[in-house]
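Student: Take a look and give me a structure for this.
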Amino acid sequence: MNLSCKRATELMSEEQDRDLSFQEWTALQSHLVICKGCRAVSGQFRVLRRALQQLLEKSGSDPD
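Tutor: Residues are numbered from 1 along each chain as shown. Here you go, the predicted structure:
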C-alpha cells in the first residue's frame, strides 16, 4: 500500500485515538522511512501528545 502524505498524516492522527490495523501500521511505517516531511509531522504529534499529558497531569485531570 502506497500512502499519500495526506493519508499518512490522517493515520498518525487516528493512531492517537485507536490502534491501527497491522496493514495501516505497516503502510505508515513504510511511508515514514521514505518521507522526511511526514517524519517531522510524526515528531510534532509526539511532542504535542507529551505536552498535553504533562499539562493534564499538572492539572490533575485524566485524559482518558
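
Student: how many other residues sit next to Arg7?
Tutor: 15 (other C-beta atoms under 10 Å). For every residue, glycine as well, the C-beta is placed using N, CA and C.

Student: Output the contacting helices and strands for whichever helix or strand it is part of.
Tutor: Using DSSP states H and E, Arg7 maps to helix 5-15. Where contact means 3 or more C-beta pairs under 8 Å, 6 or more residues apart in numbering; DSSP states H and E, helix 5-15 is packed against helix 22-34, helix 36-59.

Student: For those helices, please prepare JSON lines with the additional fields mean neighbour count and mean pLDDT.
Tutor: Output for the helices and strands packed on helix 5-15, formatted as JSON lines (neighbours: other C-beta atoms under 10 Å; pLDDT from 0 to 100):
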{"stretch": "helix 22-34", "mean neighbour count": "14", "mean pLDDT": "96"}
{"stretch": "helix 36-59", "mean neighbour count": "12", "mean pLDDT": "93"}
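
Student: Same list (those helices) but as JSON lines, adding distance to Ser4.
Tutor: Converted to JSON lines, these look like this (distance: least, C-beta to C-beta, whole Å):
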{"stretch": "helix 22-34", "distance to Ser4": "9"}
{"stretch": "helix 36-59", "distance to Ser4": "10"}
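
Student: Leu3 is nearest to which of the ones you listed?
Tutor: Across the helices and strands packed on helix 5-15, Leu3 has its closest neighbour in helix 22-34 (4.4 Å, C-beta to C-beta).

Student: tell me the pLDDT at the residue nearest the centre of the chain?
Tutor: By C-alpha atoms, centre = their mean, the chain has its centre lying nearest to Met12, at 3.2 Å. In this model, Met12 is scored at 95, pLDDT.

Student: Tell me the spacing between it and Cys35.
Tutor: Going from Met12 to Cys35 by C-beta to C-beta, to the nearest Å gives 11 Å.

Student: Just the CA atoms of stretch 14-31, as CSV, please.
Tutor: The C-alpha coordinates for stretch 14-31 follow below in CSV (Å, rounded to 0.1, in the frame of the first residue of the first chain):
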residue,chain,number,x,y,z
GLU,A,14,-6.0,8.3,14.1
GLU,A,15,-3.2,6.4,15.9
GLN,A,16,-3.6,8.9,18.8
ASP,A,17,-7.1,7.6,19.4
ARG,A,18,-7.0,3.9,18.3
ASP,A,19,-4.7,1.1,17.5
LEU,A,20,-4.0,0.9,13.8
SER,A,21,-4.5,-2.3,11.9
PHE,A,22,-1.3,-4.2,11.1
GLN,A,23,-1.8,-3.2,7.4
GLU,A,24,-2.3,0.5,8.3
TRP,A,25,0.7,0.5,10.7
THR,A,26,3.0,-1.2,8.2
ALA,A,27,2.0,1.2,5.4
LEU,A,28,2.6,4.2,7.7
GLN,A,29,6.0,2.9,8.9
SER,A,30,7.0,2.3,5.3
HIS,A,31,5.9,5.8,4.3
